[in-house]
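[1] Sequence below, structure please.
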Amino acid sequence: MSASYETRGPVAVITLNNPPVNGLGHATRLAVAQGVAQAQADAAVQAIIITGAGKAFSGGADIREFGSPKALAEPNLLSLIRLLELCTKPVIAAVHSVAMGGGLELALGCHYRVALPGAQIALPEVKIGLLPGAGGTQRLPRVLGVETALNMIVSGDAVKSEVLAGLPGQKLFDRMIDGDLMEGALAFALEVAAVRPLPLVRDIKARHANADGYFQFARNTVKAMARNFPAPAKCVDAVEASVKKSFDDGMAVERELFLALMTTPECKALRHAFFAERAASKIGDVPDDTPVRPINKVAVIGAGTMGGGIAMNFLNAGTPVVMLEMKQEALDRGVATIRKNYESQVKKGKLKADKYEQRMALLTTTLSYDTIGDADLVIEAVFEDIGVKQAVFTELDRVMKPGAILASNTSTLDVNKIASFTKRPQDVVGMHFFSPANVMKLLEVVRGAATAKDVLATVMQLGKKIKKTCVVSGVCDGFIGNRMIEQYSRQAGFLLEEGCTPAQVDKAVEKFGFAMGPFRMGDLAGNDVGWYIRKRRYVEKPDLRYSKTADLLCEMGRFGQKTQAGWYDYAVGKRDAIPSPVVDQMIADYRKEVGITPRKISDDEIVHRLVYALVNEAARLLEEGIAQRASDVDMVYLTGYGFPLHRGGPMCYADTVGLYNVVQTMHRFAANPHDDAEFWQPAPLLAKLVAEGKSFS
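    Numbers count the residues shown, from 1 in each chain. This next block holds a predicted model:
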């Protein structure tokens, strides 16, 4: 039953019932249309109320039908809204909790709207690269005014119903209801039952005192803020049509723009990311109803940058945290950093002072393992060395209560080996946070060979609570993200040897859309981190070739921003990367030493050597079962590595270019005598997809 019908005296009540958010799928649209027809035919019915069951009026389109014939099947949303407008009895939308996208457009097609305070009102289509496609750009400006409506449409952000109801001259809500929504809606329906003519939003005039000047200003603002995304600018065009054209002509403009956006690579990338995020939370062999362990207290081992950032995630979510260190001064430093972070948020107005105090009150510290045994989850965030991890996990095994989850924040080490340091490997899991841990969205959840299913389910649910995007990885060196970035970094090194400067590589990659190029990223993270990993590689994988330039840089003590010198020079207290003549000379000397004559390298080659290195390594990860699905790889790169959102992640980008073309380019890279020909052999999965004419998606 996707919508129910009942009568309450002379009022028919149609209730959307399509959990979780009453998405307007085909069955729901059909049931509403049938309900309206039934009410029209019943002489005893004087008015119709449409509302939503459960926790939403309606969240809009049913995402389960995206891209399928059902999404467009009649009655489509435009037809349904027209049916409501033409109804000869008043139709009242009774809005509560959530009215977004098509749900809000449906309400705007009703004759009247009543609402409870606290309802989230939004047209969020821009967030998936679209604009509202069922009259939202034409009707919202008519009820809220052009400027408020355009701000909502271009941002896609939700506004509380009572805020909108308080705007002077608004016609969105005819009444705010205090108390029971249905009682209030029924009383309102009886008041307006005999009022004629029936009011229609389409008949209101959309006006702006200085339309030309305002829309030009809006265009300039949008261009500066959303340069890689076409949808916000098209939203401006559509809302302008609401002012300058008749309602029907404005609707035609909206439709044309909507259909054009639907086929853009940016829209495909954003929709891909939208679905990828939802898919990432599902684990093939862990059912949704797997019972989870209660997590009421968390212990964090280590009060450094990582430990402090991890602790803040839980404090923000209202979970008590105990932080352990070996020395009191280390604890004091860690707590001071957390305080400083919160104080800066208070100063910027992002956090209320009382909330800051509440969070700090949840934090306790200790110097003894014996005091943390009652925590439900412990996360180790100590130095990235297997010997150090062994010492910590041996202690945790000794003191933690049975059933506690033992997590390691390791970024590259073997989680199975770490689990073997305990007598309870089923309780051990990797929780790889990204730095700064209190800001970065990504959490790689590393599943050991013995990790219990309820441990995974618990960590995934907890990730949601602390507002992280969780992606499951199997155990391998570097997991998903760092294993791929190693190949990307190797290519960046080869590009220096062959003729590039660090600034040229970074600029090309940043122009492609990355937040930061590989050399600026190295300086930020600390070049000594990569050096430490390479030294391990030279022993474990002596055949794997690296450019020596990065080692030479570290031998000069140029570790990055923390030493005011890395691939770039830095002024004290500033983060601006200034190209370094010393580094350029070091690279030139090294080229001479190994006998490489530098050549001119195009931005296109730079970008594709780096990005296709990610793609090829990811194909190997998929084949080995380290990553569950290609879209998981994209989520790792979009949320943890600054991959451009408008390109949808490395795998989505490869699909957009065409895997056949990707492989052809890789063959060209393999023929370069200064590159690693063996690496550029297409991964078997990639070769197979090309042979079958398929894509990663």
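[2] element containing Arg113?
    Taking DSSP states H and E as the definition, one finds Arg113 inside strand 112-115.
[3] brain fart, Glu444
    strand 442-446.
[4] and what of Gln504?
    Assessed by DSSP H and E, Gln504 sits inside helix 502-512.
[5] who's in contact with that helix?
    Residues from elsewhere that reach helix 502-512 (C-beta atoms under 8 Å, 6 or more residues apart in numbering): 492, 495-496, 516-520, 567-568, 577, 579, 583, 601, 603, 606-607, 610-611, 644, 647. C-beta here means a position set from N, CA and C on the backbone, and glycine is covered the same way.
[6] same thing but at 7 Å, please
    492, 495-496, 516-520, 567-568, 579, 583, 603, 606-607, 610, 644 (C-beta atoms under 7 Å, 6 or more residues apart in numbering).
[7] Just the strands from the stretch 101-250 of the chain, written as ranges.
    Secondary structure of the stretch 101-250 of the chain by DSSP state E, counting those that start in this stretch: the strands cover 112-115, 120-122, 159-160, 175-176.
[8] Minimum distance to Leu443: which of those has it?
    strand 120-122 (25.7 Å; C-beta to C-beta).
[9] Parallel or antiparallel, which strands does the closest one pair with?
    Strand 120-122 has its sheet partners listed here by DSSP bridges as strand 98-100 (parallel), strand 159-160 (antiparallel).
[10] just how off-centre is the lowest-mean-pLDDT helix or strand in the chain within its chain?
    Lowest on mean pLDDT, DSSP states H and E among the helices and strands of the chain sits helix 69-72, with a mean of 86. Centroid separation between helix 69-72 and its chain, computed with C-alpha atoms, centre = their mean, to the nearest Å, is 26 Å.
[11] Can you name the element that comes right after it?
    Counting by DSSP H and E, the next helix or strand C-terminal to helix 69-72 is helix 77-86.
[12] List the contacts of that following helix.
    By C-beta under 7 Å, 6+ apart, helix 77-86 touches 24, 29, 32-33, 36, 75, 91, 102, 105-106, 109-110, 134-135, 200, 202.
[13] change it to 6 Å
    29, 33, 36, 91, 102, 109-110, 134, 200 (C-beta atoms under 6 Å, 6 or more residues apart in numbering).
[14] Need the distance between the two termini of stretch 659-678.
    Start to finish, the residues bounding stretch 659-678 are 19 Å apart (C-alpha to C-alpha, to the nearest Å).
[15] how is the chain carved up into domains?
    Here the domain parsing of the chain from automatic domain parsing is 3-262, 298-473, 481-691.
[16] To Val286, which of those domains lies closest?
    Short answer: domain 298-473, nearest of these by C-beta to C-beta, at 4.8 Å.
[17] Reformat the contacts of helix 77-86 as CSV; add neighbour count and pLDDT.
    Output for the contacts of helix 77-86, formatted as CSV (neighbours: other C-beta atoms under 10 Å; pLDDT from 0 to 100):
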residue, neighbour count, pLDDT
Arg29, 26, 97
Ala33, 18, 98
Val36, 23, 98
Val91, 24, 98
Gly102, 27, 97
Gly109, 25, 98
Cys110, 26, 98
Ala134, 29, 96
Leu200, 16, 98
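[18] For my notes, please list those residues in TSV and give distance to Pro124 for each entry.
    Shown next, in TSV, are the contacts of helix 77-86 (distance: C-beta to C-beta, whole Å):
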residue	distance to Pro124
Arg29	20
Ala33	25
Val36	26
Val91	24
Gly102	11
Gly109	18
Cys110	20
Ala134	14
Leu200	25
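[19] Need the max-distance pair from the residues you listed.
    Arg29 and Leu200 (20.1 Å).
[20] what's near enough to touch Pro682?
    By C-beta under 6 Å, 6+ apart, the contact list for Pro682 reads 663, 666.
[21] Quick check, pLDDT for it.
    In this model, Pro682 is scored at 97, pLDDT.
[22] Could you measure from it over to Glu623?
    11 Å (C-beta to C-beta, to the nearest Å).
[23] May I have stretch 251-271 as CSV, with CA atoms only?
    What follows is stretch 251-271, C-alpha atoms only, in CSV (Å, rounded to 0.1, in the frame of the first residue of the first chain):
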residue,chain,number,x,y,z
MET,A,251,7.5,25.5,-17.3
ALA,A,252,8.7,24.8,-20.8
VAL,A,253,12.1,26.5,-20.1
GLU,A,254,12.4,24.5,-16.8
ARG,A,255,11.7,21.2,-18.7
GLU,A,256,14.2,21.9,-21.4
LEU,A,257,17.0,22.8,-19.0
PHE,A,258,16.2,19.8,-16.8
LEU,A,259,16.5,17.4,-19.7
ALA,A,260,19.7,19.0,-20.9
LEU,A,261,21.3,18.8,-17.5
MET,A,262,20.3,15.1,-17.1
THR,A,263,22.8,14.1,-19.8
THR,A,264,25.8,16.2,-18.6
PRO,A,265,28.9,14.3,-17.3
GLU,A,266,28.7,16.4,-14.1
CYS,A,267,25.1,15.3,-13.4
LYS,A,268,26.1,11.7,-14.1
ALA,A,269,29.1,12.1,-11.7
LEU,A,270,27.0,13.6,-8.9
ARG,A,271,24.2,11.0,-9.3
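[24] Out of the strands paired with strand 120-122, which is the most enclosed?
    strand 98-100 (a mean of 25; mean count of other C-beta atoms under 10 Å).
[25] Let me know the distance separating the closest residue to Tyr641 other than its chain neighbours from Asp332.
    Nearest non-adjacent residue to Tyr641, counting by C-beta to C-beta, 6 or more residues apart in numbering: Gly481, 6.2 Å away. Going from Gly481 to Asp332 by C-beta to C-beta gives 32 Å.
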